[in-house]
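Asks: Kindly return the folded structure for what I paste below:
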Amino acid sequence: MKNIKILVGIIVISFLSGCTQLLVGALNQIEMTKISIQQDKMYLMGDFNSKSYGQVTKALRTHPKVKTIVLTASSGSLDDDVTFKLARYIRSKGLNTHLLSNSVIASGAVDLFLSGKQRTMEKGAKLGVHSWSDGSTQAKDIPRGHPDHKMNASYIKDMLGTADFYWFTIYSAPAESVYWMKHDEIKRYKMLTQSVKPTSNDKTPFGKAFLKERQSILED
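Replies: The predicted model follows:
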């Protein structure tokens, strides 16, 4: 919900109607994911929603030489089903994921990062996690054997081999907050396939828009 000027009308309408689903549905009709292709890299910025799968897969088909997805700034996902579908597509194509030294990703964007066959990050990148909520109950308060955990836990297990990281996330912070992971935690849950890389000279292609998006995520 970062594009305030564009979405203010929708937000007001949704607030007055008292309907959260209306707001989410409206946001899912907007292309929130920004894409830029630079040689063999696809740079992504913004949140992921129901439009993202079509956007990204179309761009990948148009640019078959892309080998690495670079996530730059994203606060997460409005549609976990679609985000997991996109993640599985990325994994099936054998694509890699990468974080720049100033990349900031959280929530569903971290899930998407895990889809990379090779997962790398530069020193300074930030990964934020938290619990999820159904609006009244936090995930950590739902018994472990409950089917509500299945979709998320199964996805993490498919990507990392175990669901341990999923259980870590739901105890890390409430759904309305973010916990920024420490290096030893990133290593413990085997989120990377290589050691943390030194800062590179690689810059995002999104310019000032990236800086604004990044700052907005860090301030949430």
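
Asks: Output the longest strand that the chain contains in PDB with nothing but the alpha carbons.
Replies: Secondary structure of the chain per DSSP state E: the longest strand is strand 96-106. Only the C-alpha atoms of strand 96-106 are listed here, as PDB (Å, rounded to 0.1, in the frame of the first residue of the first chain):
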ATOM      1  CA  ASN A  96      18.700 -17.600  -9.200                       C
ATOM      2  CA  THR A  97      17.700 -14.900  -6.800                       C
ATOM      3  CA  HIS A  98      19.900 -12.100  -5.500                       C
ATOM      4  CA  LEU A  99      19.800  -9.200  -3.000                       C
ATOM      5  CA  LEU A 100      21.900  -6.000  -3.500                       C
ATOM      6  CA  SER A 101      23.700  -4.400  -0.500                       C
ATOM      7  CA  ASN A 102      20.800  -1.900  -0.200                       C
ATOM      8  CA  SER A 103      18.000  -4.400  -1.000                       C
ATOM      9  CA  VAL A 104      15.200  -4.400   1.600                       C
ATOM     10  CA  ILE A 105      12.600  -7.200   1.400                       C
ATOM     11  CA  ALA A 106      10.000  -8.400   3.900                       C
END
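
Asks: how far out from the middle of the chain is the helix or strand that it is followed by?
Replies: Remark: after strand 96-106, the chain's next helix or strand is helix 108-113, criterion DSSP states H and E. Relative to the chain's own centre, helix 108-113 is displaced by 3 Å; criterion: Cα atoms, centre = their mean, to the nearest Å.

Asks: what does helix 108-113 contact?
Replies: Residues outside helix 108-113 that contact it (Cβ atoms under 8 Å, 6 or more residues apart in numbering): 47-48, 71, 74-77, 80, 83-84, 86-87, 90, 97, 99, 105, 119, 127-129, 155-156, 159, 191. Just so you know, the C-beta spots here come from the backbone N, C-alpha and C atoms, and that holds for glycine as well.

Asks: And it, what's buried?
Replies: 108-113 (16 or more other Cβ atoms under 10 Å).

Asks: Name the nearest of those relative to residue 138.
Replies: The closest of those to residue 138 turns out to be residue 108 (Cβ to Cβ; 16.7 Å).

Asks: Nearest the geometric middle of the protein, what residue?
Replies: Nearest residue to the geometric centre of the chain (Cα atoms, centre = their mean): residue 109, 0.7 Å.

Asks: list the contacts for the residue nearest to that residue when sequence neighbours are not counted?
Replies: Computed as Cβ to Cβ, 6 or more residues apart in numbering, the closest residue to residue 109 that is not its neighbour in sequence is residue 74, at 3.7 Å. Contacts for residue 74 (Cβ under 8 Å, 6+ apart) come out as 44-48, 104-106, 108-109, 112, 213, 217.

Asks: go on, residue 180?
Replies: Taking Cβ under 8 Å, 6+ apart as the test, what residue 180 contacts is 126-128.

Asks: what's the pLDDT at the residue nearest to residue 109?
Replies: pLDDT, residue 74: 98.

Asks: With residue 33 instead?
Replies: 97.

Asks: just residue 30 next, same as before
Replies: On the pLDDT scale, residue 30 is placed at 80.
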